[in-house]
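Engineer: Provided below for reference: sequence and predicted model.
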Amino acid sequence: MTDTLDKALAAARDAAGAAAEIIQHYWRAGVDVIVKGDDTPVTVADREAEMAIRAILAKALPEAGIYGEEYGADDTSREYLWLVDPLDGTKSFVRRTPFFSTQIALMHRGELVLGVSSAPIYGERMWAVRGRGAFLDGDPVRVASTATMREASISTGNVKTLTMDARWDVLGAMIRDSNRIRGYGDFCHYHLLARGGLDLVIESDLNILDIAALAVIVREAGGVFTDLDGAAPGLDTRSVLAGTPAIHAEALARLTGATIGR
């Protein structure tokens, strides 16, 4: 499997680079926006970037299935499955805000084992492979050692559904108990978490393609990455709770109504 992961990482990084060239071109030139059936925007940049990514990944690992944001799933039952969001954060892209990225992850028998997160306009690329650590532009990164909520920096994203949830009050209490609250969103707060700039990320209203690569990166940086109920990320994931080990444990206990150590 080591040889396969080496080949896969090289391909994922090449694919992220190819997507970056396309995205940067349309960032400069501008694009028309199409509204999809689910009321989310898509552009030619999204679609061309995914086509370029698929071509590179399929050539490098032809035995793997590919599940992409724009062109759907080829075969999710294979031993290896690529998860691709060519332009995560299209709403930011079309509003000329650089908080968007390309997300490429690899699953092996349902477990996330590799992730590349590329933010070409923001100027960062992170990657990780299971058991090998996490890297930012080639340099290793690690989550912070923050151990108490009063020291913690929290970032939230897509929390609209939580406003109608009993956990909204719990989140409010955590924010009051924390050091500071931000809302970086998209790839940005996961990059910050992985390199020690944040301690907890809370999100709802997302899908696995948005966060699969980021889950591998945060975990390999020493963090904990689950959904809001404490489950490991999978194809049906719709929320995220990610943080340093101590802060994640306290946040999960509060959100699930449990007591730490019970």
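Structural biologist: On my side now, so go ahead.
Engineer: Could you use CA atoms for every contact and neighbour count after this?
Structural biologist: Will do.
Engineer: give the contact list for A242.
Structural biologist: Residues in contact with A242 (CA atoms under 8 Å, 6 or more residues apart in numbering) are L200, V201, I202, V218, G223, V224, F225, T226, D227, H248.
Engineer: just P120 next, same as before
Structural biologist: When contacts are counted by CA under 8 Å, 6+ apart, P120 is found next to A20, I23, Q24, S101.
Engineer: what do you get for G68?
Structural biologist: Here G68 is in contact with E50, W82, L83, V84, D85, P86, L209 (criterion: CA under 8 Å, 6+ apart).
Engineer: sorry, back to before: take the contacts of A242 and keep only those in strands.
Structural biologist: Taking DSSP state E, the ones among these that sit in strands are L200, V201, I202, V224, F225, T226.
Engineer: Any idea what the last one is bridged to?
Structural biologist: With DSSP bridges applied, the residues forming beta bridges to T226 are L241.
Engineer: Next, work out how far apart it and G243 are.
Structural biologist: Distance, T226 to G243, using CA to CA, to the nearest Å: 9 Å.
Engineer: Run through the protein and note the low-pLDDT ranges.
Structural biologist: By pLDDT under 70, the low-scoring segments of the chain are 258-262.
Engineer: Okay, buried residues for the strand or helix carrying L5 please.
Structural biologist: Assigning secondary structure by DSSP states H and E places L5 in helix 2-29. Going by neighbour count (16 or more other CA atoms under 10 Å), the buried part of helix 2-29 is 5, 8-9, 11-13, 15-20, 22-23, 26-27.
Engineer: ditto for stretch 67-75
Structural biologist: Buried-residue list, stretch 67-75, by 16+ other CA under 10 Å: Y67, G68, E69, E70, A73.
Engineer: Name all residues that make contact with the fourth one.
Structural biologist: E70 is in contact with D46, R47, E50, D85, counting by CA under 8 Å, 6+ apart.
Engineer: now, which of these lie within helices?
Structural biologist: Among the contacts of E70, DSSP state H puts D46, R47, E50 in helices.
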